[in-house]
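S.K.: Task: produce atomic coordinates for the following.
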Amino acid sequence: MRASALPGARTITDALDAAVAADESRMFIECDGDAFSYGDILRRSVAFAAGLEQIGATPGGRVATLLECRSEAVVAWMATSRLGGVFVPLNPSLDVDAILHQLRDSGARVLVTPGSLGIRLAEREPDVLSLPTFVTLDETAGTWPAGAVHVPFGALCTSARPKCVPAPAPGQLAALLYTSGTTGTSKSCMISHNYLCLAGHQVAEDSGQGPDDTVYLPLPFFHINVLTTIVGTMLAKGRVALAPRFEADRFWPEIRRTGATITALLGSMVQAATSAADHVDPSAEPGRLRVVRGGPFSAEETRVWRDRLGVSRVGSQAYGSTEVARMTNLGPTDEIRTGSLGRRNQYYDVRVVDDQDEECAPGEVGEIVCRPLRSHIMFDGYWNRPDETIRAFRNLWFHTGDLGRFDDDGYLYFVDRRKHHLAGAGGLSSSEVEAIVLQHPVIREVAAYEVRANEAADPAVALAVVVNGRLDPDTLWSWLRARLPGAAQPRFVRLVGELPRNQVGRVQKYRLSEEAIPPGTWERPV
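M.R.: Below you'll find the predicted structure:
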């Protein structure tokens, strides 16, 4: 195999065209009962590409969306790719100022969005002429500011075809994906066509996905898991049922309605879907759901999905990020090891290194780093941030910012985010402390982090906990002392109604660390 050879299509347009050529009538996208075949999506995306071209979209130009998972989002993406443009899916739940910042940062000249959100953005921007052209999905009663250019989505879906444009190359920039911001300000990763196609292939292959599978996808559209799942489905010539948003009370009814065989959950969605399964009668289910990707899943949650619900594959058993989708995973002959994220694959060289970038021995904890073994299979750097790109690729290895370890057989285990690591916790990571604290019968959720009592103080371990019922501080301190080593015992405990999370459910610990210690926080007795 040549070093650049990859399985299947290597551009987004090739993937869609191949699926249409195989069977254009096969169902591809379903959302809330509306179904679209591969041929439907191709025809709509070609027409929309012509409309985008008419309002100024060009090869290399950025087209942004502020949409939930819906067919129009897929059409906008496919149309942008067909024009040789760069797709920029943004998070519609961000505040207006954050969205405007990402629009300016990306340089998007077209934005597909609900009209009401478009009006709010136009009203906030002092220089209306700097705004993109708004392509709106709905007619609203609101009034657009003078000078704001807007056009209905349907008006761009004509019978015209775009002018002849060069087919995108595998290494061509396909998307700008803003990271989820669990450790601060989000950055935009530059993603090529080939990277998305490889990641989609890996996702489909790891799940054993084929043309008879239906994936139920309740994740936000701006997340890389959505894009790689849709690409993987095109390569497998299967079907995707899109959910505009995750709703715990609709999850299992939608699994039944769509006949899903595969689904994906992230962060707090796992706990919510697992809890909702208390009301599911496995004997009354179609019994088709066989894979649930994502996570993380606790041991108890894994037991529920496997033993009670009959799902054979629980969690991803893979490690990756927006920058590098799947740098480790399970091969067809690899065993499932509890807590493991799989092994190195044929595409990436992955190591664990110390602070001097020297490789750690098996069992030693260090930072996870990687580099590609093929062309165009990971991100090409951070958009408009050359200095951060250079820092991330120190010594020509991409530094993930995650701590992990390999065992003697080459299985990778995640330990902690480097920025979340508890330096003064006697060698325990925040995730290890959290796993112990969650054994308390009253504590439902917990985040362990470091905080300073004042500017001169050393960092101290703190907990933010969500409880079910009453929690007595004296009893809690005694319980913690019996289970945590001295250095890992928290100095502060905050009772909170909920933990701060991003839209995909990941806890944003940096927000807890940056906050002053609020009144009412429990402090450990001396």
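
S.K.: which secondary element of the chain has the worst mean pLDDT?
M.R.: Averaged element by element with mean pLDDT, DSSP states H and E, the chain has its least confident helix or strand at helix 509-514 (a mean of 76).

S.K.: Flag every buried residue along that one.
M.R.: Across helix 509-514, burial judged by 16 or more other CB atoms under 10 Å covers 509-513. Any C-beta I mention is one placed from the backbone N, CA and C, and that applies to glycine too.

S.K.: Then stretch 513-526?
M.R.: 513, 517, 521-522, 524.

S.K.: Now, those that are in helices?
M.R.: Judged by DSSP state H, those include S513 as members of helices.

S.K.: can you put the buried residues of stretch 513-526 in TSV and add distance to G238?
M.R.: Output for the buried residues of stretch 513-526, formatted as TSV (distance: CB to CB, whole Å):
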residue	distance to G238
S513	42
I517	51
T521	50
W522	51
R524	53
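
S.K.: if we can go back for a sec, please put the alpha-carbon coordinates of the least confident helix or strand of the chain into CSV.
M.R.: Taking C-alpha atoms only, helix 509-514 is exported to CSV below (Å, rounded to 0.1, in the frame of the first residue of the first chain):
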residue,chain,number,x,y,z
LYS,A,509,-13.6,23.0,34.9
TYR,A,510,-11.7,26.1,34.0
ARG,A,511,-14.8,28.1,34.9
LEU,A,512,-14.8,26.6,38.4
SER,A,513,-11.1,27.2,38.8
GLU,A,514,-11.3,30.8,37.6
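
S.K.: what helices or strands is the lengthiest helix in the chain leaning on?
M.R.: Criterion DSSP H: the longest helix present in the chain is helix 38-54. Counting contacts by 3 or more CB pairs under 8 Å, 6 or more residues apart in numbering; DSSP states H and E, helix 38-54 is packed against helix 12-23, strand 27-31, helix 71-82, helix 153-156.

S.K.: winner for burial among those?
M.R.: Of the helices and strands packed on helix 38-54, the one with the most neighbours on average (mean count of other CB atoms under 10 Å) is helix 71-82, at a mean of 25.

S.K.: by contact count, what packs against that one?
M.R.: Helix 71-82 packs on helix 12-23, strand 27-31, helix 38-54, strand 62-65, strand 86-89, strand 110-113, going by 3+ CB pairs under 8 Å, 6+ apart.

S.K.: closest one to G154 among the ones you listed?
M.R.: helix 38-54 (9.4 Å; CB to CB).

S.K.: what does the closest one rub up against?
M.R.: Residues outside helix 38-54 that contact it (CB atoms under 8 Å, 6 or more residues apart in numbering) are 16-17, 19-20, 23-26, 28-29, 36, 63, 71, 74-76, 78-80, 82-83, 85, 110, 155-163, 234, 237.

S.K.: Distance to R308 and mean pLDDT added to the helices and strands packed on helix 71-82, as a markdown table?
M.R.: Below are those laid out as a markdown table (distance: least, CB to CB, whole Å; pLDDT from 0 to 100):
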| stretch | distance to R308 | mean pLDDT |
| --- | --- | --- |
| helix 12-23 | 36 | 96 |
| strand 27-31 | 27 | 95 |
| helix 38-54 | 36 | 95 |
| strand 62-65 | 38 | 97 |
| strand 86-89 | 35 | 98 |
| strand 110-113 | 41 | 96 |
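
S.K.: Kindly format the C-alpha coordinates of stretch 393-406 as PDB.
M.R.: Taking C-alpha atoms only, stretch 393-406 is exported to PDB below (Å, rounded to 0.1, in the frame of the first residue of the first chain):
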ATOM      1  CA  PHE A 393       3.600  20.800  17.200                       C
ATOM      2  CA  ARG A 394       6.600  21.100  19.400                       C
ATOM      3  CA  ASN A 395       9.400  18.800  18.300                       C
ATOM      4  CA  LEU A 396       7.300  17.900  15.200                       C
ATOM      5  CA  TRP A 397       4.800  16.000  17.400                       C
ATOM      6  CA  PHE A 398       1.200  17.200  18.000                       C
ATOM      7  CA  HIS A 399       0.800  17.600  21.700                       C
ATOM      8  CA  THR A 400      -2.800  16.800  22.700                       C
ATOM      9  CA  GLY A 401      -2.700  18.400  26.200                       C
ATOM     10  CA  ASP A 402      -4.000  15.100  27.600                       C
ATOM     11  CA  LEU A 403      -2.200  12.800  30.000                       C
ATOM     12  CA  GLY A 404      -2.200   9.100  29.500                       C
ATOM     13  CA  ARG A 405      -0.200   5.800  29.700                       C
ATOM     14  CA  PHE A 406       0.300   2.700  27.700                       C
END
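
S.K.: what does the average pLDDT come to for it?
M.R.: Averaging pLDDT along stretch 393-406 yields 94.

S.K.: likewise stretch 179-196?
M.R.: 79.

S.K.: And the helices in the stretch 51-200 of the chain?
M.R.: For the stretch 51-200 of the chain, the helices defined by DSSP state H, counting those that start in this stretch occupy 71-82, 96-106, 115-124, 153-156, 193-207.

S.K.: which one of the buried residues of stretch 513-526 is nearest G320?
M.R.: Among those, and counting by CB to CB, the member closest to G320 is S513, at 25.2 Å.

S.K.: Is the closest one in contact with V451, as I believe?
M.R.: Yes - in this structure, S513 is within contact of V451 by CB atoms under 8 Å, at 5.8 Å.

S.K.: Identify each buried residue in stretch 112-131, please.
M.R.: The neighbour-count check on stretch 112-131 (16+ other CB under 10 Å) flags 112-115, 117-122, 125, 131 as buried.

S.K.: now the end-to-end length of it.
M.R.: 12 Å (CA to CA, to the nearest Å).

S.K.: again with stretch 360-375
M.R.: 27 Å.

S.K.: Same question for stretch 289-308.
M.R.: First residue to last in stretch 289-308 (CA to CA) measures 12 Å.

S.K.: residues of that stretch that come out buried?
M.R.: 289-297, 301-302, 304-305.

S.K.: now stretch 137-144
M.R.: Taking 16+ other CB under 10 Å as the criterion, stretch 137-144 shows 137, 144 as buried.

S.K.: How far away from the center of its chain is it?
M.R.: Put simply, stretch 137-144 sits 31 Å off its chain's centre (CA atoms, centre = their mean, to the nearest Å).

S.K.: go on, stretch 338-350?
M.R.: 19 Å.

S.K.: same question for it, mean pLDDT?
M.R.: 92.

S.K.: first to last residue in that stretch, what's the distance?
M.R.: Start-to-end, stretch 338-350 (CA to CA) is 20 Å.

S.K.: Next, count neighbours for L463.
M.R.: Residues lying near L463 (other CB atoms under 10 Å) number 26.

S.K.: scratch that, G56 is what I was asking about
M.R.: Neighbour number of G56 under other CB under 10 Å is 12.

S.K.: S25 now?
M.R.: 9.

S.K.: can you check R444 too?
M.R.: Going by other CB under 10 Å, the residues that sit close to R444 add up to 13.

S.K.: Equivalent analysis for the one 5 residues further on, please.
M.R.: Residues contacting Y449 under the criterion other CB under 10 Å number 25.

S.K.: Report the separation between it and P525.
M.R.: 21 Å (CB to CB, to the nearest Å).

S.K.: How about D307?
M.R.: Taken as CB to CB, the span from D307 to P525 is 42 Å.

S.K.: Over to W252?
M.R.: On the measure of CB to CB, W252 and P525 end up 46 Å apart.
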